[in-house]
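A.B. asks: Please find the sequence and the predicted model below.
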Amino acid sequence: MAQDLIIQAANIEKSYGAGRSAVRVLRGIDLSVRRGEILSIVGPSGAGKSTLLNIVGCLDGFDTGRLSLIGKDVTSFSVENLATFRNLHMGFIFQMHNLLPEFDAVENIIMPLLIRRVRRREAVKKAMPLLERFGLADRAAHKPGELSGGECQRIAMCRAIIGTPEIILADEPTGNLDSQNSVLLINTLLELGRENSATVIIITHNKEIADMTGRTITLVDGRITKDSVN
């Protein structure tokens, strides 16, 4: 049903550059995703996966087409409105954890809530159970430079979900982790997504991870070539 669709992308086109040097990255993308759906996006390097995720996440614009998120047509949103929308409704996990080096683990995690003007004490109270769940309670006061790559990525995940977003976007979140930590991190992400009825989209080159999601989109040369249920 249309009201169950949380993401609706119609004929999305995206190019970089202009004139003869323009590179077409996305070529008429049509994508519908239901509320609470968990899916992966796979495909070769340069296929346009990260570009598509950045557009869905309102981090990048597009040339033509329309994009509706959570029932709102965001196509013509201002930069300020997009930033507010992202903070209220979306969580992001990237291959590089993108933690702020001058802040400790808790401070990094609560940043989305502080932007919403949630009181610091309340935000910290919400962060501590997440740290415990990820086995990081004893690392709360440590800065990113004092943590391992796996610990930093788990903190980045905590930051992504602390605001209970309706949409979680993960771009190669296990790219810098070993296989054991990768599966553990993805299992936890999917578990948390289901608990909160969040829509989760994961870009991955790892078939094992893609098979853990309910649906897989294959992107080749800027086009969706396959849309399959796992």
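C.D. replies: In hand now; what should we look at?
A.B. asks: all strands of this structure, in order?
C.D. replies: Secondary structure of the chain by DSSP state E: the strands cover 5-16, 23-34, 38-42, 64-69, 72-73, 90-94, 167-171, 199-203, 215-220, 223-229.
A.B. asks: need the ones you listed in a markdown table with mean pLDDT and distance to residue 111, can you?
C.D. replies: In this view, the C-beta of every residue, glycine as well, is placed from N, C-alpha and C. Shown next, in a markdown table, are the strands of the chain (pLDDT from 0 to 100; distance: least, CB to CB, whole Å):
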| stretch | mean pLDDT | distance to residue 111 |
| --- | --- | --- |
| strand 5-16 | 95 | 24 |
| strand 23-34 | 94 | 26 |
| strand 38-42 | 95 | 25 |
| strand 64-69 | 95 | 22 |
| strand 72-73 | 92 | 24 |
| strand 90-94 | 91 | 12 |
| strand 167-171 | 94 | 16 |
| strand 199-203 | 94 | 21 |
| strand 215-220 | 96 | 30 |
| strand 223-229 | 95 | 34 |
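A.B. asks: Single out the most deeply packed of the ones you listed.
C.D. replies: strand 199-203 (a mean of 26; mean count of other CB atoms under 10 Å).
A.B. asks: partners of that strand in the sheet?
C.D. replies: strand 38-42 (parallel), strand 167-171 (parallel) (DSSP bridges).
A.B. asks: can the ones you listed go into JSON lines with extra columns for distance to residue 201?
C.D. replies: Shown next, in JSON lines, are the strands paired with strand 199-203 (distance: least, CB to CB, whole Å):
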{"stretch": "strand 38-42", "distance to residue 201": "6"}
{"stretch": "strand 167-171", "distance to residue 201": "5"}
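A.B. asks: which residues touch stretch 86-103?
C.D. replies: Applying CB atoms under 8 Å, 6 or more residues apart in numbering, the contact partners of stretch 86-103 are 57-59, 69-70, 107-108, 111-112, 115-116, 143-145, 149, 152-153, 155-157, 159-161, 163, 165-173, 175-176, 189, 198.
A.B. asks: Just the buried residues out of these, in ChimeraX syntax.
C.D. replies: Entered in ChimeraX, the line below selects the buried ones among those, by 16 or more other CB atoms under 10 Å:
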select :57,58,59,69,70,107,108,111,112,143,144,152,153,155,156,157,159,160,161,163,165,166,167,168,169,170,171,172,173,189,198
